[in-house]
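Participant: this is the structure alone, sequence omitted:
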Ligand SMILES: Nc1ncnc2c1ncn2[C@@H]1O[C@H](C[S@+](CC[C@H]([NH3+])C(=O)[O-])CC(=O)[O-])[C@@H](O)[C@H]1O
């Protein structure tokens, strides 16, 4: 079962900005998550319980989130075989006791693109919407955040985090089984809210931007990263059935149009800080994610296009401030 006890304990503290929302969060989580309602949850739980007993020291400062400590060959082998059962591992990389967990995504590349534009994360209370395995949440903790809440509706990713944190033991990062639309309304308490790789999954992008705005305290910082297409401030692509083989893709604006959406939502000082076409080396199949990956989603004769003939995946990052 997802461990919520330590989360409630952590925020039930008059100094914690989430303290006024303990009950609202409890209710929201109860509505979205019933332990073991997902038929595979018991299996994921037993995988975490089978992890070999090892202890080490955690390093959140490098590109690879690492736990280092003594481990013999048999233990390393058992660790690998146990963690492989939580396939597919999409977001990382991680290293545990000398074992490199080579995820589908080099999520460290995204972090390197975003980090120089964030200012100080130290002492901040952060929300990461669509956190996946929690790799970026751990990097935020490594950058000195006071607390990080990651939310993601995909329970398997939350179990991946549970497995990593079984060893990393980072106690100020909590992952919750929630979608952003299920967050209590108008929490207005986070210093920084990240939404990376989520907006294009939403049928209603302005509702998503509103959710991010009202999770932030006045003056707080939004970090928004999403798929974009080339074009001017009047350009938006709504793909047909699929985009790069994904079915759940709705709105791909140009970066300029995205900036306009952010401003129309009421954010101020909005800036495009990065536009980047995803490289084949950044998203690829590995031993830890052996399904198809980016190379299979692109036109084999022209890597600038998806198999459907659209512009190949390009992502923009916008930083903005919630007005006071
Ligand atoms: N409504 C929603 N609310 C919250 N999470 C959602 C929602 N819909 C989907 N997700 C979750 O958002 C994540 C999107 S991946 C980005 C991961 C990370 N942020 C990254 O930037 O690497 C996409 C990508 O590969 O970029 C998945 O884990 C979904 O379960």
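Facilitator: Cool, got the structure. The structure displayed is predicted, hence computed values, not measured ones.
Participant: ok, which residues in the protein are in contact with the ligand?
Facilitator: When proximity is defined as C-beta under 6 Å from any ligand atom, the chain approaches the ligand at 91, 107, 110, 129-132, 151-154, 157, 179-181, 196-198, 201. Yep, even glycine has a C-beta here, placed from its N, CA and C like the rest.
Participant: out of these, which are buried?
Facilitator: For the residues of the chain next to the ligand, a burial check counting by 16 or more other C-beta atoms under 10 Å picks out 91, 107, 110, 129-132, 151-153, 157, 179-180, 196-198, 201.
Participant: for the host helix or strand of residue 318, which helices and strands make contact with it?
Facilitator: Using DSSP states H and E, residue 318 sits within strand 314-322. In terms of contacts (3 or more C-beta pairs under 8 Å, 6 or more residues apart in numbering; DSSP states H and E), strand 314-322 is packed against helix 107-114, strand 216-228, helix 255-264, strand 267-277.
Participant: for the residue positioned nearest the centre of the chain, which non-adjacent residue is closest in space?
Facilitator: Nearest to the mean C-alpha position of the chain, by C-alpha atoms, centre = their mean, lies residue 131 at 2.2 Å. For residue 131, ignoring the flanking residues on the chain, the nearest one in space by C-beta to C-beta, 6 or more residues apart in numbering is residue 150 at 2.9 Å.
Participant: shouldn't that neighbour be within a strand?
Facilitator: Yes. Counting by DSSP: H, G, I helix; E, B strand; the rest coil, residue 150 is found in a strand.
Participant: and residue 220, how far from residue 310?
Facilitator: From residue 220 across to residue 310, the span is 34 Å (C-beta to C-beta, to the nearest Å).
Participant: comparing those two, which residue is more hemmed in?
Facilitator: residue 220 (24 against 19; other C-beta atoms under 10 Å).
Participant: now the residue nearest to the centre of the chain: how far from residue 229?
Facilitator: Applying C-beta to C-beta to residue 131 and residue 229 gives a distance of 26 Å.
Participant: please apply the same query to residue 125.
Facilitator: Distance, residue 125 to residue 229, using C-beta to C-beta: 34 Å.
Participant: kindly report the same for residue 27.
Facilitator: Relative to residue 229, residue 27 is positioned 39 Å away (C-beta to C-beta).
Participant: of those two, give the one with the bigger neighbour count.
Facilitator: residue 229 (18 against 13).
Participant: just the pLDDT for the more buried one.
Facilitator: Here the pLDDT value assigned to residue 229 is 98.
Participant: over to residue 125?
Facilitator: Predicted confidence (pLDDT) for residue 125: 97.
Participant: beta partners for it?
Facilitator: Taking DSSP bridges as the rule, residue 125 bridges to residue 147.
Participant: ok, it - how many residues close by?
Facilitator: 20.
Participant: with residue 118 instead?
Facilitator: Residue 118, neighbours per other C-beta under 10 Å, totals 17.
Participant: and it, what's its pLDDT?
Facilitator: 96.
Participant: where's it relative to residue 64, distance?
Facilitator: Residue 118 sits 20 Å away from residue 64, going by C-beta to C-beta.
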